[in-house]
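A.B. asks: let me see the structure of the following:
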Amino acid sequence: QVQLVESGGGLVQAGGSLRLSCAASGLSFSSYAMGWFRQAPGKEREFVASISRSGGLIYYADPVKGRFTISRDNAKNTVYLQMNSLKPEDTAVYSCGAQARLYGSDYVRRPNAYDYWGQGTQVTVSS
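C.D. replies: Below you'll find the predicted structure:
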């Protein structure tokens, strides 16, 4: 069956960096666009970044532009999220999603656009 497994979360001080990974199995990875979302306590799931199947088209949420970088390695069936200059407001559970439908700027920002999800990894940024 399809599995998405995130790793790399943890506790970091403000201004620090973390690199999240999402390893996929059970699907043809290069046929899926991938997205990162986050959810803080008491808040809705929020779009962070997405990357097209080939990696050639990327979108970011405004709060993370210039600080976060999404990338993928189709040979390793893995998508990454490099997070720099972290802020306390970045604290959340970060999850990756996979979808094989449309890849448009508005569509990929919707959680219901994604077919598969990982369990998430906690990122905590202390001030």
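A.B. asks: which non-adjacent residue is nearest the most centrally placed residue in the chain?
C.D. replies: By CA atoms, centre = their mean, the chain has its centre lying nearest to residue 36, at 1.9 Å. Closest residue to residue 36 apart from its sequence neighbours, by CB to CB, 6 or more residues apart in numbering: residue 48 at 4.3 Å. For the C-beta atoms, the positions are set from N, CA and C on the backbone; glycine is no exception.
A.B. asks: burial measure for the one you found, as a count.
C.D. replies: Counted with other CB atoms under 10 Å, residues neighbouring residue 48 total 25.
A.B. asks: that one should be in a helix, yeah?
C.D. replies: No: applying DSSP: H, G, I helix; E, B strand; the rest coil, one finds residue 48 to be strand, outside a helix.
A.B. asks: list the contacts for it?
C.D. replies: When contacts are counted by CB atoms under 8 Å, 6 or more residues apart in numbering, residue 48 is found next to 35-38, 60-61, 64, 68, 81, 94.
A.B. asks: among those, which are located in strands?
C.D. replies: 35-38, 60, 68, 81, 94 (DSSP state E).
A.B. asks: returning to what we had before: per-residue confidence for the residue nearest to residue 36?
C.D. replies: The model reports residue 48 with a pLDDT of 98.
A.B. asks: before we move on, what about residue 88?
C.D. replies: For residue 88, the predicted pLDDT is 97.
A.B. asks: that one touches residue 127, doesn't it?
C.D. replies: Yes: Residue 88 lies in contact with residue 127 (CB atoms under 8 Å); the separation is 4.8 Å.
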